[in-house]
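Trainee: Next come a sequence and a model predicted from it.
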Amino acid sequence: ESRAHSERLQHLEEFHVSEECGFVLPDPLAQLPDYYAPWTNVAANLPHLVETQQLRGEVAKMPLLSARHLRGHRQLRLAHLALGVITMGYVWQGGGRQPAKILPRVLAVPFCAVSARLGLPPILVYADCVLANWKKRDPRGLTVYQNLDTLFSFPGGDSSKGFFLVSLLVEVAPTPGLQAIPTIVKAVLRQDLCSVHTALQDVALAICRMQEAFTLIHEHVDPGLFFRTLRIYLAGWKDSSLMPEGLVYEGVWEAPRQFSGGSAAQSSTLQCFDILLGIPHSTAQGFSAEYLRRMRDYMPAAHRAFIQTLASGPSLRQFALVTGNAGLRAAFNQCVAALAALRSYHIQVVTKYITIPAGRCRAEQQLGGCVQEGASVRSDMGTGGTDFMRFLKAIRDSTHTAQLT
Ligand code: HEM
Ligand SMILES: Brc1ccc(-c2csc3nccn23)cc1
């Protein structure tokens, strides 16, 4: 059973995991066939259309296009990104005070058709606006911030571009570590202690590289713009006080449907390292584990399959425990410690970009300032309250306690 899984894991390309950029979509398409210009034109102009309250009018003028003419994975990913961007802008136009309750059929019908073909939900996801929303300014240049740009952005100025591109660089950084995963799985099956030890050093280094890339957030994202503006547009319509029923997808489903807002729990990279190291989010905190598992449904089908295949393979953790080899245990713990450190760093960033601005906003609200929409557009993202912070700390703590003593 495990052997079969380990065999399948040897060809990462099958799971759309690329040699040079991991779960990031290599060379995303930036243009669709002219027939789809109504979608890409509106999506490309979204910040302006939302800020001038014209978006809903523009959508009302859009023709109902058929998704049938979309060819290949990259066209589908670009279509899901463009329709996702327009959908978030359409629902949250006006900053979240009066969210739209109905998504018009010119958006809902093609968006659901494209989503079905990709195995994604009909809402903007991490795989859209982080993994497929980028291009190099100079195609021959390096994958560095200055040579990157997003394909689409939201209100919030350069901070929306910064948030997506820094996340992209964090996703590109650990690529050698992802390449080490099949090596580790095969070596565990062959009880090859030495190969596991060597490969674990690549994993630890990869996770450290993620944290290095993360530090760019301070340069490219402004806390105020992030909290007051960008955050609103990434909110979803599941368990949302502003949209308790969810959203009606006109022409697709009679009843309204609920879908979760954008979350990096949809990042396959972090979930892969959690599974490889056997980090037990599952037992420790019911909510976190359930939420992380549910977010797998918000990943592209091939990435979901990779995670499921890895989860059903042999346990590296048991192997490291059973061999009792001190060097192997140390290499394993170095990976776990690096992951816990990354999550601690992330919590510091979340404090600066959500908790502090939320506190300031509440203070201003007392004085009648700060036009913050309602309590919070998304309960788990930024009331400055405890629920998302408790979630992040629970995950960080269960990572920490996963060290082998
Ligand atoms: C301004 C910067 C950021 C803020 C304010 C922020 C905020 C949050 C919040 C509130 C959550 C919990 C709710 C949710 O899942 O959405 C979260 C989760 C998460 N974020 Fe971020 N984030 C930021 C940047 C990043 C970056 C650059 C990465 C790197 C890829 C990242 C990776 C994650 C991951 C993996 C999770 C899921 C929880 C976990 O696995 O630890 N975040 N973030
Ligand atoms: Br859609 C969408 C989904 C997730 C993100 C994202 C990138 S890093 C991060 N931490 C929390 C969320 N998050 C951005 C857009």
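Mentor: Everything's here; your move. Since the structure is predicted, the reported quantities are computational estimates derived from the model, not experimental observations. Ligands and ions are numbered 1, 2, ... in the order given.
Trainee: which residues of the stretch 201-350 of the chain score low on pLDDT?
Mentor: Applying pLDDT under 70 to the stretch 201-350 of the chain flags residues 282-286.
Trainee: what does it put close to ligand 2?
Mentor: 234, 262-264 (CB under 6 Å from any ligand atom). (Glycine included, C-beta is placed from N, CA and C.)
Trainee: Can you name the residue of the chain nearest to ligand 2?
Mentor: residue 262 (2.3 Å; CB to the nearest ligand atom).
Trainee: what's the burial count for that residue?
Mentor: By the criterion of other CB atoms under 10 Å, residue 262 has 23 neighbours.
Trainee: Tell me if I'm right that residue 183 and residue 197 touch.
Mentor: No - using CB atoms under 8 Å, residue 183 makes no contact with residue 197, being 11.3 Å away.
Trainee: Quick check: the residue of the chain closest to ligand 2 touching residue 234?
Mentor: Yes - contact status for residue 262 versus residue 234: in contact at 4.0 Å, counting by CB under 8 Å.
Trainee: Between these two, which contacts overlap?
Mentor: residue 124 (CB atoms under 8 Å, 6 or more residues apart in numbering).
Trainee: show me where the protein has strands.
Mentor: 102-103, 134-136, 148-150, 248-249 (DSSP state E).
Trainee: Export these as CSV, with columns for distance to residue 357 and mean neighbour count.
Mentor: Putting those into CSV (distance: least, CB to CB, whole Å; neighbours: other CB atoms under 10 Å) gives the following:
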stretch, distance to residue 357, mean neighbour count
strand 102-103, 29, 20
strand 134-136, 26, 17
strand 148-150, 23, 18
strand 248-249, 32, 21
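Trainee: I'd like to know which of the ones you listed is closest to residue 365.
Mentor: strand 102-103 (30.0 Å; CB to CB).
Trainee: Which neighbours in the sheet does that closest one have, and how are they oriented?
Mentor: strand 248-249 (parallel) (DSSP bridges).
Trainee: Tell me the one among the residues of the stretch 201-350 of the chain next to ligand 2 nearest to residue 357.
Mentor: Among these, and counting by CB to CB, the member closest to residue 357 is residue 234, at 15.2 Å.
Trainee: Can you give me the neighbour number for that closest one?
Mentor: 22.
Trainee: With residue 65 instead?
Mentor: Using other CB under 10 Å as the criterion, the residues surrounding residue 65 number 18.
Trainee: Confirm for me that it is in contact with residue 36.
Mentor: Yes - Residue 65 is within contact range of residue 36, at 6.2 Å (criterion: CB under 8 Å).
Trainee: Are there residues contacting both of residue 183 and residue 197? Which ones?
Mentor: Joint contacts of residue 183 and residue 197 (CB under 8 Å, 6+ apart) do not exist.
Trainee: Now do the helix ranked longest in the chain: which elements does it pack against?
Mentor: In the chain, taking DSSP state H as the definition, the longest helix is helix 326-350. Applying 3 or more CB pairs under 8 Å, 6 or more residues apart in numbering; DSSP states H and E, one finds that helix 326-350 contacts helix 193-214, helix 268-276, helix 316-323, helix 387-400.
Trainee: closest one to residue 258 among the ones you listed?
Mentor: Among the helices and strands packed on helix 326-350, the nearest to residue 258 by CB to CB is helix 387-400 (17.3 Å).
Trainee: tell me which strands and helices the closest one is in contact with?
Mentor: Counting contacts by 3+ CB pairs under 8 Å, 6+ apart, helix 387-400 is packed against helix 281-284, helix 286-295, helix 326-350.
Trainee: Pick the most buried one from those helices.
Mentor: Greatest average neighbour count among the helices and strands packed on helix 387-400 goes to helix 326-350 (a mean of 18), per mean count of other CB atoms under 10 Å.
Trainee: Need the contact partners of that helix.
Mentor: 193, 196-197, 200-201, 203-204, 207-208, 210-211, 214, 217, 270, 273-274, 277, 279, 316-317, 320-321, 388-389, 392-393, 395-396, 399-400, 402-404.
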